[in-house]
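> sequence first, predicted model second:
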Amino acid sequence: MSEDNSPISAREAKRLFAGLKGAQGLLLAVSGGPDSVALMWLAARWHRSLSRGPRLTVVTIDHGLRPEAAREAREVKRLATGLGLPHRTVRWRGAKPKTGLPAAAREARYRLLVQAARLAGASHVLTAHTRDDQAETLLMRLVRGSGLAGLSAMARLTERDGVVLARPLLDVPKSQLIATLKRAKIGFADDPTNHDAAFTRPRLRALLPQLAAEGGDARSLARLAARLARANLAVEVLTDGAERFLRLRDRGDAPQAGVRRFEASGFAALPEEVRLRILLRAINAFGHEGPAELGKVESLLAVLDQAIAASARAPANGRPALKQTLAGALISLAGGRIRIAPAPARRKGGSRVDKGGSWHRPFRDRAVRTP
Ligand SMILES: Nc1ncnc2c1ncn2[C@@H]1O[C@H](COP(=O)(O)OP(=O)(O)OP(=O)(O)O)[C@@H](O)[C@H]1O
């Protein structure tokens, strides 16, 4: 990688986009800010150098939150047209929440981008996340006390509803993108919400220069995220292996659709992080209330571990030693088996009582969260 303030050369861009040459079509998510305008410019130049490349389409989401947004979208269209690229503006319609607006806008944005990709026949959505964004994401998750998966920050490639989300600029410093635009004499918009101290991200961003002065610059924070992502992947592979191990031990059990069951003693012998992930995967697969919050799965695991140990000492005569709901999944322990299945629909009013067993108050879970 060249100096942090040097424009990105055609050769460097070719390397950044190399893995995308064979894609069916690329949808460029361009807000009008410097990063995504640079993404558009770099992608257009790369595309011109190919004899046969994927079709490029540019999309701007107008969240309908700022009066300038429509003008910024028109400016992106003007730039895209100048580069010979088709452009669409997609409006986020409907009611906007009073709290958690950034998260809701982000969720709507990805949903609309994926829809637009489908419509354009594109297999990939490209966003312009930079190394600086990666460092900020790590910092945000650090202060929330996220687990290893959350601290891995953003991945270069992820998938959503059959469309690949690609971040080809994830190793590139923002300063290089700005230098690229300056060299190309291209203007860009400045989103004031990026500096709005009412939001966590801008407040944390303001701390970065102080961290950098102590050696914790974007490069080292992004490197930490990459190292944690590597460790996270290893634990995921170990968890795959542990799930296979539990399935082998359960060979005698007839498989039941919509239910995951495993032997409690085999489960109890696994490392805590692996036990946690097995639970999390099963709850997210069978629950119907969105991803479970890591802290709640940790609490559930502690209760489950205790119940497994207690029932090994004194079997509960066929009665469930544990029955608990979390994120729309029902987790029970009976006869030396852990069983995870969809919970019956929740009634209003919190805790639930069932004639047969000892129901516990369900853990309350909220919106989508990063483990
Ligand atoms: N209004 C928009 N229209 C199209 N693309 C957008 C828009 N806003 C953001 N993007 C895309 O998403 C990238 C990241 O944007 P930004 O950092 O502002 O969002 P964020 O809320 O931090 O996103 P994330 O949560 O995905 O990191 C941009 O570089 C751009 O590619």
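Okay, I see it.
> what residues does the stretch 101-250 of the chain put near the ligand?
Counting by Cβ under 6 Å from any ligand atom, the stretch 101-250 of the chain comes close to the ligand at 106, 109, 127-129, 133. (C-beta placed from N, C-alpha, C; glycine too.)
> weed out the non-buried ones from those.
Listed as buried from these are 109, 127-129, 133; burial here means 16 or more other Cβ atoms under 10 Å.
> with adjacent residues omitted, what lies nearest to Leu165?
Setting aside the residues directly before and after it, Leu165 is nearest to Thr158 in space (Cβ to Cβ, 6 or more residues apart in numbering), at 4.8 Å.
> one more: Arg337?
Distances taken as Cβ to Cβ, 6+ apart place Arg261 nearest to Arg337, at 5.4 Å, with adjacent residues excluded.
> and that neighbour, what is it in contact with?
250, 253, 337-340 (Cβ atoms under 8 Å, 6 or more residues apart in numbering).
> just to be sure, it is in a strand?
Yes: using DSSP: H, G, I helix; E, B strand; the rest coil, the assignment for Arg261 is a strand.
> on that earlier part again, narrow the contacts of Arg261 to those in strands?
Counting by DSSP state E, the part of the contacts of Arg261 found in strands is 337-340.
> turn those into a markdown table, including neighbour count and pLDDT.
Formatted as a markdown table, the ones in strands among the contacts of Arg261 follow (neighbours: other Cβ atoms under 10 Å; pLDDT from 0 to 100):
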| residue | neighbour count | pLDDT |
| --- | --- | --- |
| Arg337 | 15 | 92 |
| Ile338 | 26 | 95 |
| Arg339 | 19 | 95 |
| Ile340 | 22 | 96 |
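> now do the same for the residue nearest to Leu165: helix, strand or coil?
Thr158 ends up strand, using three-state DSSP.
> next, give phi and psi for the closest residue to the ligand within the stretch 201-350 of the chain.
Minimum separation of the stretch 201-350 of the chain from the ligand (Cβ to the nearest ligand atom) falls at Arg201, amounting to 6.4 Å. When read as degrees, to the nearest 10, the backbone of Arg201 gives phi -60, psi -50.
> what is the nearest of the ones in strands among the contacts of Arg261 to Pro271?
Ile338 (16.3 Å; Cβ to Cβ).
> let me know the pLDDT of the residue nearest to Glu263 when sequence neighbours are not counted.
Once flanking residues are discounted, Glu263 sits nearest to Arg249: 5.1 Å by Cβ to Cβ, 6+ apart. What the model reports as pLDDT for Arg249 is 85.
> would you mind naming what in the stretch 251-371 of the chain lies close to the ligand?
Counting by Cβ under 6 Å from any ligand atom, no residue of the stretch 251-371 of the chain sits close to the ligand.
> can you give me the strands in the stretch 251-371 of the chain?
Secondary structure of the stretch 251-371 of the chain (DSSP state E, counting those that start in this stretch): strands located at 260-263, 322-326, 329-334, 337-342.
> residues contacting stretch 220-235, please?
Contact with stretch 220-235 is made by 131, 134-135, 137-139, 148-149, 151-155, 170-171, 211, 273-274, 277, as judged by Cβ under 8 Å, 6+ apart.
> put the buried members of those residues into a ChimeraX selection.
Command for ChimeraX, covering only those of the contacts of stretch 220-235 found buried under the criterion 16+ other Cβ under 10 Å:
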select :131,134,135,137,138,139,148,149,151,152,153,154,170,171,211,274,277
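> which of the contacts of stretch 220-235 fall within helices?
Residues of the contacts of stretch 220-235 located in helices (DSSP state H): 131, 134-135, 137-139, 148-149, 151, 211, 273-274, 277.
> please tabulate those in a markdown table and include pLDDT and distance to Val30 as additional columns.
Shown next, in a markdown table, are these (pLDDT from 0 to 100; distance: Cβ to Cβ, whole Å):
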| residue | pLDDT | distance to Val30 |
| --- | --- | --- |
| Arg131 | 97 | 19 |
| Gln134 | 97 | 19 |
| Ala135 | 96 | 22 |
| Thr137 | 96 | 20 |
| Leu138 | 97 | 25 |
| Leu139 | 96 | 25 |
| Leu148 | 97 | 32 |
| Ala149 | 96 | 29 |
| Leu151 | 98 | 29 |
| Leu211 | 94 | 29 |
| Glu273 | 98 | 39 |
| Val274 | 98 | 41 |
| Arg277 | 98 | 36 |
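> so where's the stretch 51-200 of the chain uncertain?
Across the stretch 51-200 of the chain, the ranges flagged by pLDDT under 70 are 191-193.
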